[in-house]
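> this is the structure alone, sequence omitted:
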């Protein structure tokens, strides 16, 4: 990992087309601004990992022929 | 017409015009770029499937979130609208990915990261909402009990609530 130290309002440029700026520092929170091309996706890492894990879990669904349909699952469990 | 050998539905025929393009894939599945929606014969059902075309053994159970969570509401981020070339709200369909674990009572849907589809360009993406209001694991049975037991849930048309099963 490349480690740089920045002050408020200073910027880092990556690959000539991504800019990361320290906008504000309040206590233990840093407000970070990012300028990047539309094609670059940017997310808070822990949120992204959570979505990833949930999608992986969803993809493990067993084929419907082995199970009853989703609507039946709901009906069965609502009684 | 294309024929696909799928794990969940056996052999199916799909029309090129119905293929959805997810350029970024899904988080965890960036290589899955082409899907088709498989709807439910029962039109009152909120459930359907997102069948992957380039990897036919993969399919996701999905739900129309507005049919389950009556007050589901969010602002579509500008970047998402641009990325999917959305010209008008009526072109937008929203679905949530459903998780069906071994314990069926814990069936859940991802309200935090909905699937957004532009029905006129067939472009789609899973977007992550910047809010604490919704979670990745919204338990469906609890929600239905809440709606049946509680006050009138209301039937306001929500933002982007166009539901089209292809």
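That came through, no problem. Since we're looking at a predicted model, the values are computed, not measured. Numbers count the residues shown, from 1 in each chain, chains lettered A, B, ... in the order given.
> show me the contact partners of the longest strand along chain A.
Across chain A, the longest stretch assigned as strand under DSSP state E is strand A:18-26. Strand A:18-26 is contacted from outside by A:6-14, A:30-37, A:40, using Cβ atoms under 8 Å, 6 or more residues apart in numbering or on different chains. In short, each C-beta sits where N, CA and C put it, glycine included.
> tell me the residues of chain B that contact chain A?
B:7-9, B:24, B:26-29, B:40, B:42, B:45, B:47, B:58-61, B:63, B:79, B:82-83, B:97-101, B:104-105, B:107, B:110, B:112-113, B:126, B:128, B:136-137, B:140-141, B:144-145, B:148 (Cβ under 8 Å from any Cβ of the partner chain).
> which stretches of chain A have low pLDDT?
Within chain A, the stretches with pLDDT under 70 are A:64-68, A:79.
> just to revisit the earlier point, what comes up buried for the longest strand of chain A?
Neighbour-count burial for strand A:18-26 flags A:20-22 (criterion: 16 or more other Cβ atoms under 10 Å in any protein chain shown).
> looking at those, which is nearest residue B:68?
Taking Cβ to Cβ as the measure, residue B:68 lies nearest residue A:20 of those, at 38.7 Å.
> that closest one and chain B, how far apart?
17 Å (Cβ to the nearest Cβ, to the nearest Å).
> quick one: pLDDT of residue B:40?
Listed pLDDT for residue B:40 reads 85.
> that one: helix or strand, and which one exactly?
With elements taken from DSSP states H and E, nothing contains residue B:40; it lies in neither a helix nor a strand.
> pretty sure it is touching residue B:61, no?
No: in this structure, residue B:40 is not within contact of residue B:61 by Cβ atoms under 8 Å, at 10.8 Å.
> shared neighbours, these two?
B:47-48.
> between those two, who's got more neighbours?
residue B:61 (23 against 16; other Cβ atoms under 10 Å in any protein chain shown).
> tell me the helix or strand right after the helix or strand hosting residue B:116.
Element membership of residue B:116, judged by DSSP H and E, is strand B:115-118. Next helix or strand after strand B:115-118 toward the C-terminus (DSSP H and E): strand B:123-126.
> where does chain B get nearest to chain A, residue-wise?
residue B:28 (3.6 Å; Cβ to the nearest Cβ).
> next, the spatially most central residue of chain A: phi, psi?
Nearest residue to the geometric centre of chain A (Cα atoms, centre = their mean): residue A:48, 2.4 Å. Dihedral angles phi and psi of residue A:48 (degrees, to the nearest 10) take the values phi -60, psi -40.
> the one 5 residues further on now?
When quoted as degrees, to the nearest 10, the phi and psi of residue A:53 stand at phi -60, psi -40.
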